[in-house]
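> sequence plus the predicted model coming up.
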Amino acid sequence: MQRSSIYLLLISVLGLVTLGIVMLFSTSAFAQDSHGDIYYFVKRQGFWLMVGTAACVGGAMVDYHQWKRWWMLIYGISALLLMLCFVPHVGMRINGSLRWLNLHFASFQPSEVAKIAAVFFLAWWFSRPETNAKKFIHGFIIPGGVVMILIGLIAAEVDLGTSALIGATFLAVCFIGGANSFFIIGLFVCGLAGLLGMAMMIPERAARMLTFMDPEGDKLGKGLQQWQALIAFGSGGFEGLGLGEGRQKMLYLPYAHTDFIFPMIGEELGLRFTWLVVVGFILIILCGGLIAANAKDRFGKLLAMGIILLISLQAAVNIGMTTSLLPNKGMPLPFISYGGSNLAVCLFMVGILVNIHRIGTPIAPIAERHVVLAGRSVPRI
């Protein structure tokens with residue numbers, strides 16, 4: 001199972017990426033900002049898919065121990081990129097958030113780099129022999145302070161979803177790294193209260209929170225997306241209306257090709273394909289867990305678990321949001337939603353998992369690689 005886990009992981013990722021491209025063909029032509037080109041988003045996603053594939057191959061080829069040495073450089077680059085979002089004519093303000101950098105040929109979201117930078121740091125910190133995770137200063141104060149710099153910059157962009165995602169990953173890695181559970185629970189409660197308090201101070205976020213409590217009460221306002229998403233799931237049923245036959249993408253459901261692509265899968269391909277998407281992410285989690293369990297050192301285990309947490313938590317938030325189980329928050333579905341920087345970074349993280357598997361998989365003993373033929377031991381082909 002250990003040897004086949006990486007193949008199952010790659011098959012799951014390939015299936016999700018393929019489904020994402022197919023659904024992007026179906027939904028993006030109706031997007032308001034397609035600039036009159038029905039293939040506008042498909043071509044841009046195709047570009048980022050090539051970048052992500054190259055990053056995946058690079059992540060698979062580079063010894064993952066190098067990230068232990070380069071974490072500080074990557075952390076510094078991610079912090080600098082986050083600060084550039086606030087520079088006029090460099091940062092892009094979309095829907096009231098300064099999350100993107102204008103690269104002229106494409107836009108880029110620096111918080112995606114910050115996510116993996118935080119995991120690199122946490123894996124390095126909790127793998128140090130001199131780190132005593134049971135102590136409050138080693139288990140929380142120092143790593144929390146370093147990660148909070150990134151979270152603070154991302155929160156200032158008004159991106160509370162990614163801030164919460166990095167914060168949740170931080171707490172989970174702390175727990176895996178051996179930190180005191182009492183401190184983890186206390187920090188979780190304080191962090192959740194602080195996040196809710198910050199959200200209530202921002203009028204748009206506060207409206208989303210209140211709408212979540214009663215989505216039907218404002219189904220033509222702040223609750224429009226989630227209400228239309230539920231209609232999409234209901235109209236698709238088990239079989240679906242057929243690929244390309246969905247109606248919600250025709251300007252009824254905003255951002256049907258990005259954050260709300262999961263309901264479009266339900267409407268056009270039916271419940272069976274939404275189940276397959278969930279199964280795909282479950283397989284990624286299980287296979288990633290096996291890779292982490294069989295990593296050759298503590299750094300590899302923590303790095304693999306941090307990557308799986310980032311992917312799985314993001315998927316859980318998106319699915320929960322689009323099914324009205326969580327408040328509406330702009331967060332793409334990994335490997336499927338339109339979003340180039342997210343796709344590239346997710347594929348890069350998959351490449352790192354491949355490298356951890358390659359280095360951590362034990363080579364069969366020499367005795368097992370020989371067979372006896374006519375009384376002589378010859379190498380097994």
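Great, that's in hand. Numbers count the residues shown, from 1 in each chain.
> low-confidence ranges in the stretch 1-150 of the chain?
The stretch 1-150 of the chain contains residues with pLDDT under 70 at 1-2, 34-35, 95-96, 105.
> now do the helices in it.
With DSSP state H, counting those that start in this stretch, the ranges of helices along the stretch 1-150 of the chain come out as 2-27, 40-61, 65-84, 110-127, 136, 142-156.
> switch those over to a markdown table; also include mean neighbour count.
All C-beta atoms are positioned from the backbone trio N, CA, C, and that covers glycine. Conversion of those to a markdown table gives the following (neighbours: other CB atoms under 10 Å):
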| stretch | mean neighbour count |
| --- | --- |
| helix 2-27 | 18 |
| helix 40-61 | 17 |
| helix 65-84 | 16 |
| helix 110-127 | 24 |
| helix 136 | 14 |
| helix 142-156 | 19 |
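> and those helices: which comes nearest Met305?
Counting by CB to CB, Met305 lies closest to helix 110-127 out of these; the figure is 8.4 Å.
> Ala315 is nearest to which of the helices of the stretch 1-150 of the chain?
Taking CB to CB, helix 2-27 is the member of those nearest to Ala315, at 9.3 Å.
> chain center to the closest one: distance?
Mean-position distance between helix 2-27 and its chain equals 14 Å (CA atoms, centre = their mean, to the nearest Å).
> and the angle for it with helix 40-61?
170 degrees (axes from the mean of the first three to the mean of the last three CA atoms, to 10 degrees).
> helices or strands next to helix 2-27 in the packing?
Packing partners of helix 2-27 (3 or more CB pairs under 8 Å, 6 or more residues apart in numbering; DSSP states H and E): helix 40-61, helix 261-269, helix 271-293, helix 340-360.
> quick one: residues in contact with the shortest one.
Which is helix 261-269. 19-20, 23-24, 26-27, 228-230, 232-233, 235-236, 240-249, 253, 256-257, 273-274, 277, 318-319, 322-323, 333, 336-338 (CB atoms under 8 Å, 6 or more residues apart in numbering).
> of these, buried ones?
Buried members of the contacts of helix 261-269, counted by 16 or more other CB atoms under 10 Å: 19-20, 23-24, 26-27, 228-230, 232-233, 235-236, 240-241, 246, 248-249, 253, 256-257, 273-274, 277, 318-319, 322-323, 333, 336-338.
> from these, which ones fall inside helices?
Using DSSP state H, the subset of the buried ones among the contacts of helix 261-269 located in helices is 19-20, 23-24, 26-27, 228-230, 232-233, 235-236, 273-274, 277, 318-319, 322.
> so how far is the strand of greatest length in the chain off the chain centroid?
Criterion DSSP state E: the longest strand present in the chain is strand 97-102. Its chain's C-alpha centre and that of strand 97-102 lie 18 Å apart, by CA atoms, centre = their mean.
> so what are the sheet partners of it and their directions?
strand 91-94 (antiparallel), strand 107-108 (antiparallel) (DSSP bridges).
> just give the closest residue to the one residue sitting closest to the centre of the chain, not the sequence neighbours.
With distances taken as CA atoms, centre = their mean, the residue of the chain nearest its centroid is Ile311 (3.6 Å). In space, and not counting its chain neighbours, Ile311 is closest to Pro334: 5.3 Å by CB to CB, 6 or more residues apart in numbering.
> what about that neighbour, distance to Gly52?
Distance, Pro334 to Gly52, by CB to CB, to the nearest Å: 11 Å.
> need the overlap of contacts for these two.
What both Pro334 and Gly52 touch, as defined by CB under 8 Å, 6+ apart, is the set Leu343, Cys346.
> closest one to Lys301 among the helices of the stretch 1-150 of the chain?
helix 110-127 (8.3 Å).
> I'd like to know which elements that closest one is packed against.
Helix 110-127 packs on helix 65-84, strand 97-102, helix 142-156, helix 160-176, helix 298-322, helix 340-360, going by 3+ CB pairs under 8 Å, 6+ apart.
> list of residues touching stretch 275-287?
5-6, 8-9, 12-13, 15-16, 19, 262, 265, 308, 311-312, 315, 319, 333-334, 336.
> for stretch 331-340, same thing?
Contacts of stretch 331-340 (CB under 8 Å, 6+ apart): 13, 16-17, 19-20, 23-24, 28, 41, 44-45, 47-48, 51, 106-109, 161-162, 165, 257-259, 261-262, 265, 277, 281, 311, 314-315, 317-319, 321, 342-343, 346-347.
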